[in-house]
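In: sequence-free structure coming up:
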């Protein structure tokens, strides 16, 4: 018998299995940050400039020491988590739509949705397929 997630009596969701919440911890990165922090402090104390830049991580807000002034994240995990968050925001923005029939703004359930309701969808269908309802068809002989 194989042990599956949740067999210990704790209900686990699929989302928690795929993207577990984790701290922004990287043992090698932490050692490197400590070393760069020492170089930064020593350089600032002796020369006023050390060639090391003290920055703030764009995702978690922790201080980051880097040789490049363009560094944005403290490590690969923050970079990946920020990318996932950007992707989720873009996905949400794609689903904010304007109905083609009534011009109301609405949140679509699918990305290819065009109308806000079934009523608007039916109204557009009827406008596209205009027929002479109630009039007999005239045949030419």
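Out: Done, it's in. Since this is a predicted model, take the numbers as computed values, not measurements. Numbers count the residues shown, from 1 in each chain.

In: Show me the domain layout of this structure.
Out: Domain assignment for the chain by automatic domain parsing gives 14-88, 95-128.

In: Make CSV from the ones you listed and add mean neighbour count and mean pLDDT to it.
Out: C-betas here are computed from N, CA, C, even on glycine. Output for the domains of the chain, formatted as CSV (neighbours: other C-beta atoms under 10 Å; pLDDT from 0 to 100):
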stretch, mean neighbour count, mean pLDDT
domain 14-88, 13, 79
domain 95-128, 13, 92
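
In: Export these as a markdown table, with columns for distance to residue 140.
Out: Converted to a markdown table, the domains of the chain look like this (distance: least, C-beta to C-beta, whole Å):
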| stretch | distance to residue 140 |
| --- | --- |
| domain 14-88 | 60 |
| domain 95-128 | 26 |
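
In: Look up how far residue 109 lies from residue 117.
Out: As judged by C-beta to C-beta, to the nearest Å, residue 117 and residue 109 stand 12 Å apart.

In: From residue 114, how far out is residue 40?
Out: Distance from residue 40 to residue 114, by C-beta to C-beta: 55 Å.

In: show me what contacts the residue most central in space within the chain?
Out: In the chain, the C-alpha nearest the mean C-alpha coordinate belongs to residue 88, at 2.3 Å (C-alpha atoms, centre = their mean). If you count contacts by C-beta atoms under 8 Å, 6 or more residues apart in numbering, residue 88 has none.

In: Same question for residue 64.
Out: So residue 64 contacts 33, 54, 55, 56, 57, 71, 73, 74 (C-beta under 8 Å, 6+ apart).

In: What strand or helix carries it?
Out: Assigned by DSSP states H and E, residue 64 belongs to strand 63-66.

In: likewise residue 130?
Out: Residue 130 is part of no helix or strand when elements are defined by DSSP H and E.

In: and the strand holding residue 64, how far from the chain's centre?
Out: 25 Å (C-alpha atoms, centre = their mean, to the nearest Å).

In: What of stretch 100-113?
Out: In terms of C-alpha atoms, centre = their mean, the centre of stretch 100-113 is found 21 Å from the chain centre.
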